[in-house]
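Colleague: Just need the structure, nothing else, for what follows:
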Amino acid sequence: MEPEINEFLESIPTKNTRKSYLRGLELFEEFSNRTVSKTIKMRRENLAGNDLKVRRQLEREVERFFVWLQEEKKLSQNTAYSACVAIKSLLSFYDMPLKLRRGVVNRAPTMPKDWIPSIDQLRLLYQIGDLREKNIISMAKDVPLRIGDYLSIKKKDVQPLLTSEKLEQPTFTIQTRKTKTPMTCFLSQETLNLLKLYVPTLRKNNPYLFQGRGMARANEDSINLALKNLVKKANLDTHGLNVRFHMFRKLFISVGATMGLNTDILKALTGKTIKSDMQPYYQGVNLYEQWKKVNNHLQLTQTTSSNGRIASLEELTEIAAEALADLVKPVIREKLIEKGRPTQRDTMGLIYMPNIDKMSPRELLELYVKLKSDEL
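Modeller: Numbers count the residues shown, from 1 in each chain. Now for the predicted structure:
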């Protein structure tokens, strides 16, 4: 690979963009019958002169290249446009930007191409996924990052949250690569519970939360393939739309917009840049409370009660435990009296009775199970 191409591609953070640009440059070499290095040299020489026709020589050539891609290579208008963008980006990188005539090289009107799951469909994917896939889904609906930023999350970013008691606002911060914007990432309790199971299974010599081979992070294509396989396994009809990781980001924004969240708030919650003149107006906004409004609608462990109200499985479990604890209290008290336990400590001849009224539902149920097992 020519040094000029290599240097340019290394400046692009996203793997898929690098691949697209490289293909575009290869096609332009085929069309122009010269190397990229010669094109850069020609452009530099053309701009050094005063002849307007010569200075615009490459612009006209790229316009012909756009037509050639569609007529000779039978590429779509969008694909041809992307190849032209590769040339423009390369020359901009070397401070020689192209100015193409408006409407000559143009992208086709964009149509929605990405599949966005409903909440119920997302829950189905979560339900049939393995531990790793569950973590990918649960954390992605909490943290609506672009896939490159998402896969750059490291174990050290979340580990402090897993060793602490229940936090009011479990957060960590990541700097997005595209906009260089520091983004505060919030995690739900259901994601924290999953991470506590998932993180201990990871290789210690790899720093990433979603690991690839060796010391590398997971490959973007492998994540997208895993999601496609889950959708296929769930037998969901995507109506021919593309299944990829970006669906989590789109779903978050879609739900937030439907709930009436301000556009700039949604930008802050998804790592996009807020215009500098608007930033002072949002300094006092509690982003966590805004995030919770969206996340409450995206809970993966929800069930619907007969009256139509939604409660998480965790909440239902706590309610059931409290109710069951109240039911077994009299039984526990009776069995402790029958067993005369434990012994006589300081109070000679008196039965030591634990204060079961101050015990948590979990402690009561554990004591009940122990008493029942002692009978067997």
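Colleague: OK, contacts around S118?
Modeller: By Cβ atoms under 8 Å, 6 or more residues apart in numbering, no residues touch S118. Heads up, the C-betas are built off the backbone N, CA and C, glycines and all.
Colleague: any idea which element the spatially most central residue of the chain lies in?
Modeller: The centroid of the chain falls nearest to A140 when counting by Cα atoms, centre = their mean (3.3 Å). Assigned by DSSP states H and E, A140 falls within helix 131-142.
Colleague: Could I get the full set of strands for the stretch 201-350 of the chain?
Modeller: 302-304, 310-312 (DSSP state E, counting those that start in this stretch).
Colleague: which stretch in those is the model least sure about?
Modeller: When the strands of the stretch 201-350 of the chain are ranked by mean pLDDT, strand 310-312 comes last with a mean of 48.
Colleague: how about G212, phi and psi?
Modeller: Main-chain torsions, G212, degrees, to the nearest 10: phi -110, psi -150.
Colleague: roughly how far apart are it and L131?
Modeller: 17 Å (Cβ to Cβ, to the nearest Å).
Colleague: More neighbours: these two, which one.
Modeller: G212 (15 against 11; other Cβ atoms under 10 Å).
Colleague: what's the neighbour count on K134?
Modeller: For K134, the count of nearby residues is 20 (other Cβ under 10 Å).
Colleague: Run through the residues that contact it.
Modeller: Applying Cβ under 8 Å, 6+ apart, we find K134 in contact with Y126, L194, Y198.
Colleague: burial count for the last one?
Modeller: The reference is to Y198. For Y198, the tally of surrounding residues (other Cβ under 10 Å) stands at 21.
Colleague: what about it, which helix or strand?
Modeller: Taking DSSP H and E as the definition, Y198 sits inside helix 189-198.
Colleague: Now that helix: buried residues?
Modeller: E190, T191, L192, L194, L195, Y198 (16 or more other Cβ atoms under 10 Å).
Colleague: Point out where the protein drops to low pLDDT.
Modeller: Counting by pLDDT under 70, the ranges of the chain that qualify are 1, 102, 108-112, 278-284, 302-323, 340-353, 358, 373-376.
Colleague: any idea how it splits into domains?
Modeller: What automatic domain parsing lists as the domains of the chain is 3-93, 119-300, 312-375.
Colleague: Just the endpoints, please. Distance across the first one?
Modeller: The straight-line separation of the ends of domain 3-93 (Cα to Cα, to the nearest Å) is 13 Å.
Colleague: show me what contacts the nearest residue to L209 once chain neighbours are set aside?
Modeller: Once flanking residues are discounted, L209 sits nearest to I153: 4.8 Å by Cβ to Cβ, 6 or more residues apart in numbering. The contact partners of I153, by Cβ under 8 Å, 6+ apart, come to V143, I174, C185, Y208, L209, F210.
Colleague: among those residues, who's most crowded?
Modeller: In terms of neighbours by other Cβ under 10 Å, these top out with V143 at 26 neighbours.
Colleague: For the residue lying closest to that one once chain neighbours are set aside, give its distance to A325.
Modeller: Nearest residue to V143 in three dimensions, chain neighbours excluded: C185, at 4.5 Å (Cβ to Cβ, 6+ apart). Distance of C185 to A325, computed by Cβ to Cβ: 36 Å.
Colleague: S164 too?
Modeller: 26 Å.
Colleague: More neighbours: those two, which one.
Modeller: A325 (20 against 10).
Colleague: how about the closest residue to the more buried one other than its chain neighbours, phi and psi?
Modeller: What sits nearest to A325 in space, not counting adjacent residues and going by Cβ to Cβ, 6+ apart, is P361, at 3.8 Å. Dihedral pair for P361: phi -50, psi -40, per degrees, to the nearest 10.
Colleague: now the buried residues of helix 189-198 in CSV, with distance to K250?
Modeller: Shown next, in CSV, are these (distance: Cβ to Cβ, whole Å):
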residue, distance to K250
E190, 21
T191, 19
L192, 24
L194, 22
L195, 24
Y198, 25
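Colleague: H246: which of those is nearest?
Modeller: Closest approach between the buried residues of helix 189-198 and H246, by Cβ to Cβ: T191, at 19.3 Å.
Colleague: Excluding chain neighbours, what is closest to the closest one?
Modeller: Of all residues not flanking T191 in the chain, S138 sits nearest, at 4.5 Å (Cβ to Cβ, 6+ apart).
Colleague: you'd agree that neighbour is up against S188?
Modeller: Yes: assessed by Cβ atoms under 8 Å, S138 is found in contact with S188 at 7.4 Å.
Colleague: Looking at those two, which is more packed in?
Modeller: Each of S138 and S188 has its neighbours counted (other Cβ under 10 Å); S138 has more, 26 against 23.
Colleague: need the contact list for that one.
Modeller: S138 is in contact with Y126, S188, E190, T191, L194, L300, counting by Cβ under 8 Å, 6+ apart.
Colleague: same thing with Y150?
Modeller: Y150 neighbours (Cβ under 8 Å, 6+ apart): M139, A140, V143, F210, F245.
Colleague: And for I119, the neighbour number?
Modeller: 15.
Colleague: Over to Y126?
Modeller: 20.
Colleague: quick one: which helix or strand includes it?
Modeller: Judged by DSSP H and E, Y126 forms part of helix 119-128.
Colleague: Would you confirm that A325 contacts L365?
Modeller: Yes: A325 is in contact with L365 according to Cβ under 8 Å; the separation is 6.0 Å.
Colleague: Which residues does stretch 201-211 contact?
Modeller: Here stretch 201-211 makes contact (Cβ under 8 Å, 6+ apart) with 131-132, 135-136, 150-158, 199, 212, 214-218, 223.
Colleague: Surely P117 is in a strand?
Modeller: No: using DSSP: H, G, I helix; E, B strand; the rest coil, the secondary structure at P117 is coil, not a strand.
Colleague: Contact partners for it?
Modeller: Per Cβ under 8 Å, 6+ apart, neighbours of P117: L125, L236, M247, L251.
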